[in-house]
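> Predicted coordinates and the sequence they were generated for:
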Amino acid sequence: SQQGEEDPQALSIQEGENATMNCSYKTSINNLQWYRQNSGRGLVHLILIRSNEREKHSGRLRVTLDTSKKSSSLLITASRAADTASYFCATAGSSGAGSYQLTFGKGTKLSVIP
Amino acid sequence: DAGITQSPRHKVTETGTPVTLRCHQTENHRYMYWYRQDPGHGLRLIHYSYGVKDTDKGEVSDGYSVSRSKTEDFLLTLESATSSQTSVYFCAISGLAGAYEQFFGPGTRLTVL
């Protein structure tokens, strides 16, 4: 079963606006990651946030993590048409076999309209 | 996709036939993964490898087997393909303790008729 669940499933915004996607998960984690997938391509790693971190930035990306609520958010500021893609959160378990694996959510499909 | 190739990129086969997909990496990473991606399900782990000849099952391993005889190659075999195995298959690699940044191949689109 999926560990991470993204919300919303689809998001459409105008170029220049900010896009926020949310991810909720169920069990304790070691880290949480966000990936981007352009249509017909493989996933590309965007950012990793560890369980003891609350916020992380990378360029126009800002990720927050609230372990008490078991949730994370990805903010893309000043969006561009090139940001159009599907975005997935993935969680790494904190123990056992889960610590060797990532469990992916179903993704948020972002459309940025020029 | 640099450093990871998958072959074939597209394949159409018939129910009941065996199929082998290949993942090849030039990064010398220890960990390799096979996922399938289906609409409405996201990415699901089939099998993974944590070293040569060391493999383990993922969430959806039934009907699939894997082998890793060299660091650079990870093979996924469908012993007797079924229509439910029609999917896009992605290979991924990771150099650290598995659950860190993964690098994905370009994918193989498999259709089982």
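Structure received.

> A:K109 and chain B: what is the separation?
Distance, A:K109 to chain B, using Cβ to the nearest Cβ, to the nearest Å: 11 Å. (C-beta placed from N, C-alpha, C; glycine too.)

> Quickly list what that residue is bridged to.
A:A10, A:S86 (DSSP bridges).

> Tally up the residues packed near B:V19, please.
20 (other Cβ atoms under 10 Å in any protein chain shown).

> Likewise for the one 5 residues further on?
As a burial measure, the neighbour count of B:H24 was computed by other Cβ under 10 Å and equals 17.

> right, and it touches B:G3 too?
No. The pair formed by B:H24 and B:G3 falls short of the contact definition of Cβ atoms under 8 Å, at 9.3 Å.

> So which residues on chain A come close to chain B?
Residues of chain A lying near chain B by Cβ under 8 Å from any Cβ of the partner chain: A:1-2, A:30-31, A:33, A:40-45, A:48, A:88, A:90, A:92-93, A:97-107.

> got a pLDDT number for the nearest residue to A:R60 once chain neighbours are set aside?
Leaving aside its sequence neighbours, A:R60 sits nearest to A:T77 (Cβ to Cβ, 6 or more residues apart in numbering or on different chains; 4.8 Å). pLDDT, A:T77: 98.

> tell me, how many neighbours does A:T77 end up with?
14.

> Flag the shaky bits of chain A, pLDDT-wise.
A:1-3, A:95-99 (pLDDT under 70).

> residues in contact with B:Y35?
A:104, B:43-46, B:58, B:89-92 (Cβ atoms under 8 Å, 6 or more residues apart in numbering or on different chains).

> if we go to 6 Å?
Contacts here follow Cβ atoms under 6 Å, 6 or more residues apart in numbering or on different chains; on that basis B:Y35 touches B:43, B:45, B:90.

> Among those, which one lies nearest to chain A?
Of all the contacts of B:Y35, chain A sits closest to B:L43, with 4.0 Å by Cβ to the nearest Cβ.

> pLDDT below threshold where in chain B?
B:1-2, B:97-99.

> Now name the helix or strand holding the residue nearest to the spatial centre of chain B.
Residue closest to the average C-alpha location in chain B (Cα atoms, centre = their mean): B:W34, at 2.9 Å. Secondary-structure element containing B:W34, defined by DSSP states H and E: strand B:31-38.
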